[in-house]
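Colleague: based on what follows, work out the 3D shape:
(chains A and B)
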Amino acid sequence: MINDYSETMIEQLVSTYSPIVFRTAFTYCKQTSDAEDLTQEVFLTLIQKKPSFESQEHLKAWLLRVCINKAKNHLKRDWFRRKEVEPEDLAYLPVEQMEMVQAMLKLDVHYRVVLHLYYYLGYDIKEIAQILKMRPATVGTRLKRGRDNLRKILGDDRER
Amino acid sequence: MRDDYRAGMDAIGIEQAFQSRLIERLLQEVDRQENKSPKQAWLAIGLGVSALIALLVWLLGSGED
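Modeller: Residues are numbered from 1 along each chain as shown, chains lettered A, B, ... in the order given. Model prediction:
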(Lines give C-alpha, C1' and ligand atoms only; values in the text may rest on other atoms or scores of the structure.)
Protein backbone atom coordinates (compact mmCIF):
# COMPACT_ATOMS: atom_id res chain seq x y z
CA MET A 1 0.00 0.00 0.00
CA ILE A 2 1.41 3.41 -0.96
CA ASN A 3 0.03 6.30 1.07
CA ASP A 4 3.12 7.98 2.49
CA TYR A 5 3.75 11.53 1.25
CA SER A 6 6.79 12.42 3.32
CA GLU A 7 9.62 14.54 1.93
CA THR A 8 11.70 11.47 1.05
CA MET A 9 8.75 9.85 -0.66
CA ILE A 10 7.98 13.01 -2.65
CA GLU A 11 11.59 13.12 -3.84
CA GLN A 12 11.40 9.47 -4.87
CA LEU A 13 8.09 9.93 -6.64
CA VAL A 14 9.37 12.92 -8.61
CA SER A 15 12.59 11.20 -9.56
CA THR A 16 10.85 7.98 -10.64
CA TYR A 17 7.68 9.22 -12.28
CA SER A 18 8.16 12.82 -13.39
CA PRO A 19 10.04 11.78 -16.59
CA ILE A 20 7.19 9.45 -17.59
CA VAL A 21 4.53 12.06 -16.83
CA PHE A 22 6.56 14.80 -18.53
CA ARG A 23 7.04 12.81 -21.75
CA THR A 24 3.39 11.79 -21.84
CA ALA A 25 2.41 15.45 -21.43
CA PHE A 26 4.91 16.32 -24.16
CA THR A 27 3.22 13.94 -26.61
CA TYR A 28 0.08 16.02 -26.16
CA CYS A 29 1.31 19.59 -26.04
CA LYS A 30 4.58 19.17 -28.04
CA GLN A 31 6.35 21.86 -26.04
CA THR A 32 8.68 21.38 -23.09
CA SER A 33 7.42 24.40 -21.17
CA ASP A 34 3.78 23.28 -21.40
CA ALA A 35 4.77 19.70 -20.53
CA GLU A 36 6.54 20.98 -17.41
CA ASP A 37 3.45 22.94 -16.35
CA LEU A 38 1.26 19.88 -16.81
CA THR A 39 3.71 17.68 -14.91
CA GLN A 40 3.60 20.11 -12.00
CA GLU A 41 -0.21 20.13 -12.05
CA VAL A 42 -0.31 16.32 -11.99
CA PHE A 43 1.99 16.07 -8.97
CA LEU A 44 0.15 18.86 -7.16
CA THR A 45 -3.09 16.92 -7.64
CA LEU A 46 -1.38 13.86 -6.16
CA ILE A 47 -0.22 15.82 -3.11
CA GLN A 48 -3.59 17.52 -2.65
CA LYS A 49 -5.66 14.33 -2.95
CA LYS A 50 -3.16 11.95 -1.32
CA PRO A 51 -4.78 8.81 -2.70
CA SER A 52 -3.74 5.33 -1.53
CA PHE A 53 -2.35 2.93 -4.09
CA GLU A 54 -2.13 -0.84 -4.03
CA SER A 55 1.10 -0.97 -6.01
CA GLN A 56 3.64 1.08 -7.95
CA GLU A 57 1.84 0.10 -11.18
CA HIS A 58 -1.43 1.41 -9.75
CA LEU A 59 0.26 4.70 -8.85
CA LYS A 60 1.88 4.97 -12.29
CA ALA A 61 -1.44 4.33 -14.06
CA TRP A 62 -3.14 6.95 -11.86
CA LEU A 63 -0.48 9.55 -12.67
CA LEU A 64 -0.81 8.81 -16.39
CA ARG A 65 -4.59 9.04 -16.29
CA VAL A 66 -4.49 12.38 -14.47
CA CYS A 67 -1.82 13.62 -16.87
CA ILE A 68 -3.90 12.62 -19.91
CA ASN A 69 -7.03 14.27 -18.52
CA LYS A 70 -5.18 17.47 -17.76
CA ALA A 71 -3.48 17.41 -21.16
CA LYS A 72 -6.86 17.02 -22.88
CA ASN A 73 -8.21 20.01 -20.94
CA HIS A 74 -5.07 21.95 -21.82
CA LEU A 75 -5.65 21.28 -25.53
CA LYS A 76 -9.33 22.28 -25.25
CA ARG A 77 -8.41 25.45 -23.34
CA ASP A 78 -5.79 26.46 -25.86
CA TRP A 79 -7.47 25.56 -29.13
CA PHE A 80 -8.41 29.17 -29.84
CA ARG A 81 -4.92 30.40 -29.05
CA ARG A 82 -3.11 28.05 -31.42
CA LYS A 83 -4.97 25.53 -33.48
CA GLU A 84 -2.01 23.33 -34.26
CA VAL A 85 1.17 23.68 -32.28
CA GLU A 86 4.38 23.17 -34.20
CA PRO A 87 6.45 20.46 -32.53
CA GLU A 88 9.41 21.78 -30.62
CA ASP A 89 12.73 21.81 -32.45
CA LEU A 90 14.29 18.44 -31.72
CA ALA A 91 17.31 18.90 -33.97
CA TYR A 92 19.60 17.83 -31.15
CA LEU A 93 18.39 14.24 -31.50
CA PRO A 94 20.04 11.76 -33.88
CA VAL A 95 18.29 11.98 -37.28
CA GLU A 96 16.36 8.68 -37.14
CA GLN A 97 15.07 9.36 -33.64
CA MET A 98 14.17 12.95 -34.48
CA GLU A 99 12.25 11.85 -37.59
CA MET A 100 10.41 9.22 -35.60
CA VAL A 101 9.44 11.53 -32.73
CA GLN A 102 8.49 14.36 -35.11
CA ALA A 103 6.36 11.93 -37.18
CA MET A 104 4.65 10.75 -34.02
CA LEU A 105 3.94 14.35 -32.98
CA LYS A 106 2.31 14.99 -36.36
CA LEU A 107 -0.27 12.25 -35.77
CA ASP A 108 -3.76 13.05 -34.60
CA VAL A 109 -3.74 13.18 -30.79
CA HIS A 110 -6.05 10.13 -30.50
CA TYR A 111 -3.50 7.93 -32.27
CA ARG A 112 -0.51 9.65 -30.73
CA VAL A 113 -1.40 8.87 -27.13
CA VAL A 114 -2.25 5.23 -27.84
CA LEU A 115 1.02 4.70 -29.71
CA HIS A 116 2.95 6.47 -26.96
CA LEU A 117 1.49 4.23 -24.25
CA TYR A 118 2.12 1.16 -26.39
CA TYR A 119 5.58 1.91 -27.78
CA TYR A 120 7.14 3.99 -25.06
CA LEU A 121 5.55 2.76 -21.86
CA GLY A 122 5.06 -0.82 -23.02
CA TYR A 123 1.41 -1.17 -22.03
CA ASP A 124 -0.74 -3.73 -23.81
CA ILE A 125 -4.10 -3.00 -25.40
CA LYS A 126 -6.11 -4.00 -22.32
CA GLU A 127 -4.02 -1.80 -20.02
CA ILE A 128 -4.24 1.16 -22.41
CA ALA A 129 -8.00 0.70 -22.52
CA GLN A 130 -8.12 0.90 -18.72
CA ILE A 131 -5.95 4.02 -18.57
CA LEU A 132 -7.88 5.81 -21.31
CA LYS A 133 -11.23 4.43 -20.15
CA MET A 134 -12.20 3.11 -23.54
CA ARG A 135 -12.98 -0.27 -25.08
CA PRO A 136 -10.00 -2.50 -25.99
CA ALA A 137 -11.38 -2.78 -29.54
CA THR A 138 -11.20 1.00 -29.92
CA VAL A 139 -7.61 0.99 -28.66
CA GLY A 140 -6.75 -1.75 -31.17
CA THR A 141 -8.27 0.21 -34.03
CA ARG A 142 -6.45 3.40 -33.02
CA LEU A 143 -3.21 1.50 -32.71
CA LYS A 144 -3.55 0.07 -36.20
CA ARG A 145 -4.62 3.34 -37.82
CA GLY A 146 -1.93 5.22 -35.92
CA ARG A 147 0.75 2.85 -37.19
CA ASP A 148 -0.57 3.13 -40.75
CA ASN A 149 -0.55 6.92 -40.55
CA LEU A 150 2.89 6.91 -39.00
CA ARG A 151 4.21 4.81 -41.89
CA LYS A 152 2.65 7.24 -44.34
CA ILE A 153 4.26 10.18 -42.57
CA LEU A 154 7.64 8.51 -42.41
CA GLY A 155 7.26 7.67 -46.09
CA ASP A 156 9.14 4.42 -45.85
CA ASP A 157 8.75 0.97 -44.46
CA ARG A 158 10.55 1.10 -41.15
CA GLU A 159 8.14 -1.19 -39.36
CA ARG A 160 10.10 -4.09 -37.96
CA MET B 1 10.08 2.06 -35.08
CA ARG B 2 9.60 1.29 -31.42
CA ASP B 3 13.33 1.54 -30.62
CA ASP B 4 13.78 4.86 -32.40
CA TYR B 5 10.74 6.31 -30.69
CA ARG B 6 11.83 5.09 -27.28
CA ALA B 7 15.37 6.38 -27.72
CA GLY B 8 14.05 9.69 -29.06
CA MET B 9 11.66 10.19 -26.17
CA ASP B 10 14.32 9.21 -23.64
CA ALA B 11 16.57 11.85 -25.15
CA ILE B 12 13.95 14.54 -24.59
CA GLY B 13 15.33 15.14 -21.19
CA ILE B 14 13.51 16.41 -18.19
CA GLU B 15 15.79 18.96 -16.58
CA GLN B 16 17.27 18.31 -13.17
CA ALA B 17 16.52 21.94 -12.31
CA PHE B 18 12.86 21.39 -13.14
CA GLN B 19 12.69 18.32 -10.91
CA SER B 20 14.26 20.26 -8.03
CA ARG B 21 11.77 23.12 -8.51
CA LEU B 22 8.94 20.61 -8.62
CA ILE B 23 10.01 18.95 -5.36
CA GLU B 24 10.28 22.38 -3.73
CA ARG B 25 6.80 23.34 -4.97
CA LEU B 26 5.31 20.07 -3.70
CA LEU B 27 6.89 20.49 -0.28
CA GLN B 28 5.47 24.03 -0.14
CA GLU B 29 2.06 22.55 -0.92
CA VAL B 30 2.44 19.99 1.88
CA ASP B 31 3.33 22.84 4.30
CA ARG B 32 0.39 24.90 3.09
CA GLN B 33 -1.98 21.99 3.66
CA GLU B 34 -0.62 21.32 7.14
CA ASN B 35 -1.02 24.98 8.09
CA LYS B 36 -4.42 25.23 6.52
CA SER B 37 -5.93 22.28 8.37
CA PRO B 38 -5.97 23.82 11.90
CA LYS B 39 -7.45 27.03 10.48
CA GLN B 40 -10.24 25.06 8.83
CA ALA B 41 -10.88 23.16 12.05
CA TRP B 42 -11.18 26.43 14.04
CA LEU B 43 -13.46 27.86 11.38
CA ALA B 44 -15.72 24.80 11.60
CA ILE B 45 -15.78 25.00 15.43
CA GLY B 46 -16.57 28.72 15.23
CA LEU B 47 -19.43 28.14 12.82
CA GLY B 48 -20.77 25.28 14.96
CA VAL B 49 -20.73 27.39 18.16
CA SER B 50 -22.40 30.31 16.34
CA ALA B 51 -25.14 28.00 15.08
CA LEU B 52 -25.63 26.58 18.58
CA ILE B 53 -25.91 30.07 20.14
CA ALA B 54 -28.39 31.10 17.45
CA LEU B 55 -30.46 27.98 18.13
CA LEU B 56 -30.43 28.61 21.91
CA VAL B 57 -31.47 32.24 21.42
CA TRP B 58 -34.28 31.15 19.15
CA LEU B 59 -35.42 28.46 21.60
CA LEU B 60 -35.36 30.88 24.54
CA GLY B 61 -37.21 33.45 22.46
CA SER B 62 -39.90 31.00 21.41
CA GLY B 63 -40.18 29.71 25.05
CA GLU B 64 -41.06 33.20 26.30
CA ASP B 65 -44.03 33.32 23.88
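
Colleague: domain parsing of chain A, as residue ranges.
Modeller: When chain A is parsed with automatic domain parsing, its domains come out as A:1-88, A:90-160.

Colleague: for these, which one sits closest to chain B?
Modeller: Closest of the domains of chain A to chain B is domain A:90-160, at 3.5 Å (criterion: C-beta to the nearest C-beta). (Each C-beta comes from the backbone N, C-alpha and C, glycine too.)

Colleague: quick one: that closest one to chain centroid distance?
Modeller: 11 Å (C-alpha atoms, centre = their mean, to the nearest Å).

Colleague: also stretch B:44-64?
Modeller: Centroid separation between stretch B:44-64 and its chain, computed with C-alpha atoms, centre = their mean, is 30 Å.

Colleague: re earlier: out of the domains of chain A, flag the one nearest B:Arg25.
Modeller: Among these, domain A:1-88 comes nearest to B:Arg25, with 6.3 Å by C-beta to C-beta.

Colleague: close to chain B, is the closest one?
Modeller: Yes - contact of domain A:1-88 with chain B (C-beta under 8 Å from any C-beta of the partner chain) involves A:5, A:7, A:10-11, A:14-15, A:18-19, A:22-23, A:26, A:32, A:36, A:39-40, A:43-44, A:47-48.

Colleague: give me the residue ranges of chain A where confidence is low.
Modeller: By pLDDT under 70, the low-scoring segments of chain A are A:1, A:78-87, A:156-160.

Colleague: three-state assignment of the most centrally placed residue in it?
Modeller: In chain A, the centroid-proximal residue (C-alpha atoms, centre = their mean) is A:Thr24; its distance is 2.2 Å. Of the three states, A:Thr24 takes helix according to DSSP: H, G, I helix; E, B strand; the rest coil.

Colleague: so the closest residue to A:Ile10 other than its chain neighbours is in which element?
Modeller: Leaving aside its chain neighbours, A:Ile10 sits nearest to B:Leu26 (5.1 Å; criterion: C-beta to C-beta, 6 or more residues apart in numbering or on different chains). Taking DSSP states H and E as the definition, one finds B:Leu26 inside helix B:16-64.

Colleague: look up phi and psi at A:Leu93.
Modeller: phi -80, psi 160 (degrees, to the nearest 10).

Colleague: so who does it touch?
Modeller: By C-beta atoms under 8 Å, 6 or more residues apart in numbering or on different chains, the contact set of A:Leu93 is A:101, B:8, B:11-12.

Colleague: of those, buried ones?
Modeller: A:101, B:8, B:12 (16 or more other C-beta atoms under 10 Å in any protein chain shown).

Colleague: so the last one sits against A:Gln97, correct?
Modeller: It refers to B:Ile12. No - contact between B:Ile12 and A:Gln97 fails when scored by C-beta atoms under 8 Å: they sit 9.5 Å apart.

Colleague: returning to that earlier point: which of the buried ones among the contacts of A:Leu93 fall in helices?
Modeller: By the criterion of DSSP state H, membership of the buried ones among the contacts of A:Leu93 in helices covers A:101, B:8.

Colleague: which of the residues of domain A:1-88 next to chain B are buried? Put it as a PyMOL command.
Modeller: In PyMOL, a selection of the buried entries from these looks like this (16+ other C-beta under 10 Å):
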select buried, chain A and resi 5+10+11+14+18+19+22+23+26+32+36+39+40+43+47
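
Colleague: kind regards, and thank you for your time.
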